[in-house]
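Novice: Provide a 3D model corresponding to the input given below.
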Amino acid sequence: MLLRKGTPADAPALAQAWFAMMTEGGYLSPAAPEGWAEALAAAFVEEMGAGRSAWFVVEADGRLAATAAVFFRSSFWNEIFAEPAQGLIAGVYTWPEFRRRGHARQLVEAAIAWAKDKGVKTLRLRAAPNARGLYESLGFAASDEMVLQL
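Specialist: Down below sits the predicted model:
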């Protein structure tokens, strides 16, 4: 198992994981529009290149096993008061055959450490009901949108 920072070369696999996460959660229909994978991968590459996101991945058995990302939320408030952008943790997904091995925890811990190092003071996320215990154990406050004050 290898935990590392994601790269633009990972974008196609990140898009596949994102789509799987959204369909499993019931947010998207399994019938995706043509070209969605390329468009989503391109958006992830753009966000990474602009420094507005960072991805973390676990590789196992020669493929991506799990993913997590931090996206920066910038607003006029951040610019006026020179405060760091808020962070949004998203894209936390583990392929079914790699679950129950602690990958999600390791990825979210890496994302938290990276965001903290960048000066982010608040991280937010929306958690699936079965994942709330994980996020609460990492210090996120229980709510519809979970929040961690760094």
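
Novice: what about Y93, which SS state?
Specialist: strand (DSSP: H, G, I helix; E, B strand; the rest coil).

Novice: Not counting sequence-adjacent ones, nearest residue to it?
Specialist: Sequence neighbours aside, M21 is the residue nearest to Y93 in space, at 3.9 Å (criterion: CB to CB, 6 or more residues apart in numbering). Placement of C-beta: from N, CA and C, glycine included.

Novice: how about the helices of the protein, start to end?
Specialist: Assigned by DSSP state H, the chain shows helices spanning 11-24, 36-49, 76-80, 103-117, 132-137.

Novice: List the residues that contact the residue lying closest to A65 once chain neighbours are set aside.
Specialist: Sequence neighbours aside, F98 is the residue nearest to A65 in space, at 3.8 Å (criterion: CB to CB, 6+ apart). Contacts of F98 were listed using CB atoms under 8 Å, 6 or more residues apart in numbering, and they are V58, A60, A65, A66.

Novice: Against G62, how distant is L2?
Specialist: 10 Å (CB to CB, to the nearest Å).

Novice: same check, this time on W18
Specialist: Following CB to CB, the distance that separates W18 from G62 is 21 Å.

Novice: the more surrounded of these two?
Specialist: W18 (22 against 6; other CB atoms under 10 Å).

Novice: and the more buried one, what pLDDT?
Specialist: Listed pLDDT for W18 reads 96.

Novice: Look at the nearest residue to it once chain neighbours are set aside and say how many residues are nearby.
Specialist: Spatial nearest neighbour of W18, chain neighbours left out: G91 (5.4 Å); criterion: CB to CB, 6+ apart. For G91, the neighbour count with other CB under 10 Å is 24.

Novice: OK, contacts around G91?
Specialist: By CB under 8 Å, 6+ apart, the contact set of G91 is L14, A17, W18, M21, W55, T67, A68, A69.

Novice: 10 Å instead, please
Specialist: Shown in contact with G91 (CB atoms under 10 Å, 6 or more residues apart in numbering): 6, 14-15, 17-18, 21-22, 44, 53, 55-57, 67-71, 107, 111.

Novice: Cool, thanks, talk later.
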